[in-house]
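show me how the following folds:
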Amino acid sequence: MRVLFKRYVRVAAMAMLSYLLLAFALTTLVDPWRILRMPWMLVALEPYRDFSDHQRTGKAGLAKDPAGWDVAYIGSSRFEIGMSTDHAALTGERVVNLGLAAGMTKENMAMARYVLGHNPRLSLLIVGVDCGDLTSTLDMSGQTDFNTSPLADGKFSVDRQIRYFIGARAVEESISTLSNYFKRKNSIYTLHGQRIGALPIFQDIRAHVEDRSEYYRFQARAFASEASAPVNLEKYRLLKDVLMQARGAGIRVIVVIPPRHALTQIHSSNDFVDAAPWARDRRILAELCDEVNKASLPGPLIALRDFYTFNTLTTLPLPKRAEADQRFPLWYDLEHYPSSVGSKILDRLLLDNQAQATDNDRDWGVDVLAVGIDQHLARLQQQHTRYCQSHPEDVAWMRGDVLNLKVAH
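Residues are numbered from 1 along each chain as shown. Reported below is the predicted structural model:
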């Protein structure tokens, strides 16, 4: 019996050792999340490393690319999908898109700290902050791989590194990457982190939005009061710390309120309103940027640009119901936009002469700190009424068929 037990132990030990050696060889050769960065990592697999199921880990792997980055985008899926890294104004710069699907302030600021810590030559940081985030307690990190990624603490972890070398998920993802290679199935991410081919242009935009009506009802907080939507102090502090850190490092920072379609910021029942949509979030963000700009730091002053206004692109009318073609080419839904719109954002942010921008709409990318937050909010309030009255069919559909509310004027 003792001899059989010893034999069993030897066989088990050999099997375990064989697994560890094979796992180590496989994960370091394939490195599906680009997190290990061993010298023998197979470069030929680059287009096939798809980190969709471990996005936070995969984007952290991109952030620590040994070649370094000059420009980084931080934000939610609006940035992840819409912001191209090959804009003409950034020719010659190494640009990385670190946008995260369902990324909110906690995760986004962890990503910002991570890329700042690994890229001393970084010169430009473009940070997207969605309206509603700074006045929300919503935290999606528990539903993603955030807590098992380097972003969770930003530090080296022995346990985490062991999982990357020999963990079952790392082995599975390595095999999946090899399968992609042999099938010539490219990743849905570019080598610089932008998600491409992410969403289809739906055949019927109204039907798609109506199918997601519960989500849009949940998001309908544009006119929440201070009592019902107080500032989230933790998110406020995390954002402030990153902005201070970047300015302290001499990095140019542009804070961007990304566009969504105007229908997502109309009042649920009234055309005439006594405040601008998302007034609380916009004022909080403007005051935060002002506070950081008043600090004695070497970096240039932070800019705050608002693209979520009532402008040419966000007020595009939906297809008429009688039209055979019900697609909405410049919007995947009412929340996300393709690279063509993202390029217009970058035009406004990066071109020296704004007159050369692709979109000359004065309300596209408003320089909030230059205009003044009070004037900006007053204009948005007026635009809200004008939009509701000039697009009555779209507004009635949003309020009735999507939000399921009565319409008042």
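
so for stretch 201-219, mean pLDDT?
Mean pLDDT, computed over stretch 201-219, is 90.

CA atoms of it as PDB?
Provided in PDB are the C-alpha atoms of stretch 201-219 (Å, rounded to 0.1, in the frame of the first residue of the first chain):
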ATOM      1  CA  ILE A 201     -25.500  49.800 -37.900                       C
ATOM      2  CA  PHE A 202     -29.000  48.500 -36.900                       C
ATOM      3  CA  GLN A 203     -31.600  48.100 -39.700                       C
ATOM      4  CA  ASP A 204     -34.100  49.900 -37.500                       C
ATOM      5  CA  ILE A 205     -32.700  52.300 -35.000                       C
ATOM      6  CA  ARG A 206     -36.100  52.900 -33.200                       C
ATOM      7  CA  ALA A 207     -36.700  49.100 -32.800                       C
ATOM      8  CA  HIS A 208     -33.200  48.700 -31.300                       C
ATOM      9  CA  VAL A 209     -33.700  51.600 -28.800                       C
ATOM     10  CA  GLU A 210     -37.100  50.400 -27.800                       C
ATOM     11  CA  ASP A 211     -35.700  46.900 -27.100                       C
ATOM     12  CA  ARG A 212     -33.300  48.700 -24.600                       C
ATOM     13  CA  SER A 213     -36.000  51.000 -23.100                       C
ATOM     14  CA  GLU A 214     -35.300  49.800 -19.600                       C
ATOM     15  CA  TYR A 215     -31.700  51.000 -19.900                       C
ATOM     16  CA  TYR A 216     -32.800  54.400 -21.300                       C
ATOM     17  CA  ARG A 217     -35.300  54.800 -18.500                       C
ATOM     18  CA  PHE A 218     -32.500  54.100 -16.000                       C
ATOM     19  CA  GLN A 219     -30.300  56.700 -17.700                       C
END
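
neighbouring contacts of that stretch?
The contact list for stretch 201-219, computed with CB atoms under 8 Å, 6 or more residues apart in numbering, reads 132, 264, 318-319, 321, 326-329, 331-334, 397, 401-404. Every residue, glycine included, has its C-beta placed from N, CA and C.

how close does the nearest residue to Phe328 once chain neighbours are set aside get to Tyr337?
Leaving aside its sequence neighbours, Phe328 sits nearest to Ile205 (CB to CB, 6 or more residues apart in numbering; 4.0 Å). Computed as CB to CB, to the nearest Å, the Ile205 to Tyr337 distance reads 13 Å.

before we move on, the earlier item: now the buried members of the contacts of stretch 201-219.
The neighbour-count test (16 or more other CB atoms under 10 Å) marks 132, 264, 318-319, 326, 328, 331-334, 397, 402-403 as buried among the contacts of stretch 201-219.

any shared contact partners between Ile205 and Tyr337?
In contact with both Ile205 and Tyr337: Trp331, using CB under 8 Å, 6+ apart.

so between the two, which is more surrounded?
Under the neighbour definition other CB atoms under 10 Å, Ile205 and Tyr337 were set side by side, and Tyr337 has more, 26 against 20.

can you tell me how far the nearest residue to that one once chain neighbours are set aside is from Leu199?
Leaving aside its chain neighbours, Tyr337 sits nearest to Gly82 (4.8 Å; criterion: CB to CB, 6+ apart). In this view, Gly82 and Leu199 are 10 Å apart by CB to CB.

let me see the contact set for Pro338.
Counted by CB under 8 Å, 6+ apart, Pro338 has contacts 81-82, 330, 332.

all helices for the chain, in order.
For the chain, the helices defined by DSSP state H occupy 2-30, 55-63, 77-82, 105-118, 158-166, 168-183, 205-211, 213-219, 233-248, 279-294, 339-350, 368-371, 373-390, 392-397.

Leu90: which of these is closest?
helix 339-350 (7.0 Å; CB to CB).

from the contact counts, what lies against that closest one?
Under the contact criterion of 3 or more CB pairs under 8 Å, 6 or more residues apart in numbering; DSSP states H and E, helix 339-350 touches helix 77-82, strand 252-257.

tell me the angle it makes with strand 252-257.
Per axes from the mean of the first three to the mean of the last three CA atoms, to 10 degrees, the angle that helix 339-350 makes with strand 252-257 is 130 degrees.

which residues touch helix 339-350?
With contact meaning CB under 8 Å, 6+ apart, helix 339-350 is reached by 81-84, 87, 89-90, 126, 194, 196, 254, 256, 258-259, 305, 307, 313, 330, 354, 356-359, 364-365.

output the lowest mean pLDDT helix or strand found in this structure.
One helix or strand of the chain scores below all others by mean pLDDT, DSSP states H and E: helix 2-30, with a mean of 85.

buried set for that helix?
23-24, 26-30.

redo these as CSV? Include distance to Ala295.
CSV is the format used below for those (distance: CB to CB, whole Å):
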residue, distance to Ala295
Ala23, 48
Phe24, 47
Leu26, 48
Thr27, 43
Thr28, 43
Leu29, 47
Val30, 45
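
ok, so of the residues you listed, who is nearest Met109?
For the buried residues of helix 2-30, the nearest to Met109 is Thr27 (29.0 Å; CB to CB).

and the closest one, how far from Arg37?
12 Å.

chain center to stretch 13-31: distance?
On the basis of CA atoms, centre = their mean, to the nearest Å, stretch 13-31 sits 35 Å off its chain's mean C-alpha point.
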